[in-house]
Structures are given as C-alpha cells and as structure tokens.
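Enquirer: Pasting the sequence and the predicted coordinates here, then a few questions.
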Amino acid sequence: MSDVHIGTDIYQGAALDGLDSALALADSSQADAILVAGDLFDHHRVPTETVDRVMDALAASKKPVVVLPGNHDTILTQGLWGGKTPDGVTILLEADGETLALDELGLTVWGRPVYDHNPEFRPLLGMPPRPDDGWYVSMAHGIVMDFEEATWRSSPIYLDEIAKAPCDYIALGHVHVYRDVSQNGVPAFYSGAPAGAMKRGVAIVDMDPDKGVSVSPLEITT
C-alpha cells in the first residue's frame, strides 16, 4: 500500500479506516509481508497516540511490515515521534538507502526514504546489486516520468531507471491510483491509496519461481 496519509485534515477518520481495511485485505489474501511505499502519515503534527495506534495496528498483522518514509512522513524522518518501533515493523531511515533481508521469506527489500523532496532527489539512485539468492524488491516514493518531461518535478523516477533496475519488483508510492509503469520486463506499480482516492485500494504481488511476478489491484469497498 501507499499514501495512507494518517492525520490529514481532509479525510481524518477515513485514513485510519483505510489502513484497517488494507490490513484486513492483507490478512484475507494471506499476504506474506506488507510494504508501505511512503506517506503513511500526512505531516509532522500527527499526535503521538495516533502514531502509536498505527504502529500497533501494523504489528498486529503478525506479518513483516516495511515502511518507506515518503515526503509527507516528516514525523518519521525528523525524529519527532518518540515511540519505539514494534517488533515486526521496520522503518527504512538511512538517507542513502537501506536494505532489509527477510530471510524467512527469501526476500530482500531496499528503499531510499524521502528527506529532501526536490528535483535533485532520485528515489531509485543507489540501488544495490541483486543479492545472491531470493527475491529482490525495491520501494520508491516519487513521480515516474520520461526524461523529456518537466525537470522541475520533485523526486523524479525515470523510465530508464526502472528498465535497468536489478530487482524483481518496484513498489511505488506518491500517485494515489493503481498504475502499471513497468519497463523492460521489470514490474513497477503504484498500488493506489486505501483512503481519499475515488477508487480506494491496494495491490497484491504474487512472486512465483515458475510463473514470475504478477500484480493485481484489490479494491477497498468498505
């Protein structure tokens, strides 16, 4: 999932409801892990008790949860939340990118958090080479564009960066709708947002050693 925007003034209660619905879908779909590709929170003023409630909900999923901070997640990147990240939840905070190995799933996840949302920040820059074995997923929060498009857009992700990425899947956030931006056989998808969008939803990613990677949208209707 991505772009939950907990704490937004526009759809306050709906954001939390969207998170709960997304976690329920992960459970009913028997997902092995949950990736949050940015903007879990909306701003740095989200009350501590709300952040605690969100972290508890993520931990209660009983699945590995990986959170990549997006441009709105300043409460995480600026260290303004003083709570303890619960067991099972990992927040990728290393500015140059951070790698997490989920050995029990045969999965490695890499992501570069957004500290400076400007045209110079490249969400996929510095992706390490593929590990020796297992699945390799990258997380990125930014706007996918062609080199010919406007260069003033912040956190750009270029098509050729996706095409050359040494990973099995790229989980994207920042665009609030489900969108396939795969290139050169590298699957890359925006999952959509569980709240606030006209069509609320998340994405389920199946990684099969024989069939490869397939991605499907899951609509949230409740």
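Expert: Alright, I've got the coordinates.
Enquirer: which residue ranges form the strands in the protein?
Expert: 34-36, 65-67, 89-91, 98-102, 107-111, 135-141, 143-145, 156-158, 169-173, 178-180, 188-191, 201-208, 212-219 (DSSP state E).
Enquirer: And these: which comes nearest Leu76?
Expert: Nearest to Leu76 among the strands of the chain is strand 89-91; the distance by CB to CB comes to 5.9 Å. (C-beta placed from N, C-alpha, C; glycine too.)
Enquirer: helices or strands up against that closest one?
Expert: Helices and strands touching strand 89-91, by 3 or more CB pairs under 8 Å, 6 or more residues apart in numbering; DSSP states H and E, are helix 48-59, strand 65-67.
Enquirer: Adjacent strands (with direction) for that strand?
Expert: Next to strand 89-91 in the sheet, as set by DSSP bridges, lie strand 65-67 (parallel).
Enquirer: right, so of the strands of the chain, which gets closest to Gln78?
Expert: Using CB to CB, the nearest of these to Gln78 is strand 89-91, at 12.7 Å.
Enquirer: Give me the contacts around the closest one.
Expert: Met55, Leu58, Ala59, Pro64, Val65, Val66, Val67, Pro69, Leu76, Thr85, Leu100 (CB atoms under 8 Å, 6 or more residues apart in numbering).
Enquirer: need the longest helix for the protein.
Expert: helix 12-28 (DSSP state H).
Enquirer: hmm, back to that, for my notes, please list the helices and strands packed on strand 89-91 in TSV and give mean pLDDT, mean neighbour count and distance to Asp39 for each entry.
Expert: As requested, the helices and strands packed on strand 89-91 are arranged in TSV below (pLDDT from 0 to 100; neighbours: other CB atoms under 10 Å; distance: least, CB to CB, whole Å):
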stretch	mean pLDDT	mean neighbour count	distance to Asp39
helix 48-59	98	16	12
strand 65-67	98	24	10
